[in-house]
Every structure is written in structure tokens, then in C-alpha cells.
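[1] return atomic coordinates for the entry below.
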Amino acid sequence: MSEIPRGRCETHDGDAHLLRYVIEFPHPPADVWEAVAGAEGLRGWLCEADPLEPRLGGRVTLRWLNSDAEVSGRVTAWDPEYVAEYTVDPPFGRIRFHLEPGSGGGGSTVLRFTCDFRGTREGRLDCMAGWHDHFERLAASLAGQPSDWAAWSPERWRHLRELYERDEAPWPRWEP
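    This next block holds a predicted model:
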């Protein structure tokens, strides 16, 4: 899988976390948009989105295909080709995908991703590793290799989880 820059986290009030990832994909914005804002695209790397009403105020339910997790909510920002934001049930809140042209012009796309998460330190580390794993899957899906959820294994997630935990140690070491 491709190298994805590690995510960052801002913690407020003890258990409120804002997770941030900035990733440049060597794919045009239209392709990345379909992957983060279309039901078929989301299925290739993240979850099943049914329903997904692609408009401000539309309903959304996200069902992860590698677990029994499911969250429902509303589309709280929708600017086609630029911003898709879903505000869903806890432990998440706002999940926002913001796209902009990459440094390679129209041939690449920068994804600025944020996710509100409420939970313990352990839950936050789990969530950061989970998003990182999914962004690796997004890169593969964009390259024509969508995830085979029937063959999913938690091994890569566990490795990423250890790296995020180690990153918090006094002498962080990040080895993707």
C-alpha cells in the first residue's frame, strides 16, 4: 500500500479530539471526489453509504464493511467537487473531506480530512489507525484496486495502532 502521511490530533476538554490528515493523491479531483462523496466510491475503501443523499441536509448512514459499526446523520456541507461533510452519531461527529488541486495541477488532488471524535485516549488511537488504514485503501482504490472486504484482516490496523501509540512516546519513531 502507498505511504500516507500520519494524521495529527488536537485534544480539547479531555475527550474531544479533532483528527486531521492532509494527503496528496496523484489523481484528478473528479476521481477523488467520486471516492469520498459517492456511494460506490466510498464502498471501495471505507464503508457502505446507504442512504447517501448528496445534498445539504441529506440523510447519510455509513456502515463499515470490516466491522459491525454503523453511524447515521446528515450531510452538513456539500459543495460538489470540493467539500463533502457528514455529521453523524457518536463517537464521531463531523467527518469532512475538503478537496483542492494538488501541486501537480489538475493531475493531483490534496485531501484535507478532519473528523471530530469523542472518546478515550485508547479510542482516539484506534480511530487514528483506522482512518490511516482507510486512507491507504483509498489510495489503492483510486489506483484501481478497491478493497476486498471479505479478505480484510486487522493486522495492518494493529501495526498502525502501535505506530500511533509509539508516536506519543517521548522519542517518537514513525516507520510506515
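[2] longest strand anywhere in this protein?
    Longest strand in the chain, counting residues (DSSP state E): strand 105-118.
[3] so what strands line up beside that one?
    Paired strands of strand 105-118, with direction, are strand 16-25 (antiparallel), strand 92-102 (antiparallel) (DSSP bridges).
[4] show me what contacts residue 36?
    Shown in contact with residue 36 (CB atoms under 8 Å, 6 or more residues apart in numbering): 42, 84, 97, 99, 111, 138. For the C-beta atoms, the positions are set from N, CA and C on the backbone; glycine is no exception.
[5] Throw the residues you listed into TSV and include pLDDT, thanks.
    Converted to TSV, these look like this (pLDDT from 0 to 100):
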residue	pLDDT
42	97
84	98
97	98
99	98
111	98
138	98
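[6] tell me the one of these nearest residue 68?
    residue 42 (17.3 Å; CB to CB).
[7] isn't the closest one up against residue 50?
    No - Residue 42 is beyond contact range of residue 50, at 9.7 Å (criterion: CB atoms under 8 Å).
[8] so between these two, which is more surrounded?
    residue 42 (24 against 13; other CB atoms under 10 Å).
[9] would you mind measuring from that one to residue 165?
    28 Å (CB to CB, to the nearest Å).
[10] can you check residue 49 too?
    30 Å.
[11] show me what secondary structure element comes after the longest helix along the chain.
    Taking DSSP state H as the criterion, the chain has its longest helix at helix 121-142. Under the assignment DSSP states H and E, the closest C-terminal helix or strand after helix 121-142 is helix 155-167.
[12] show me what that following helix is packed against.
    Here helix 155-167 touches helix 121-142, going by 3 or more CB pairs under 8 Å, 6 or more residues apart in numbering; DSSP states H and E.
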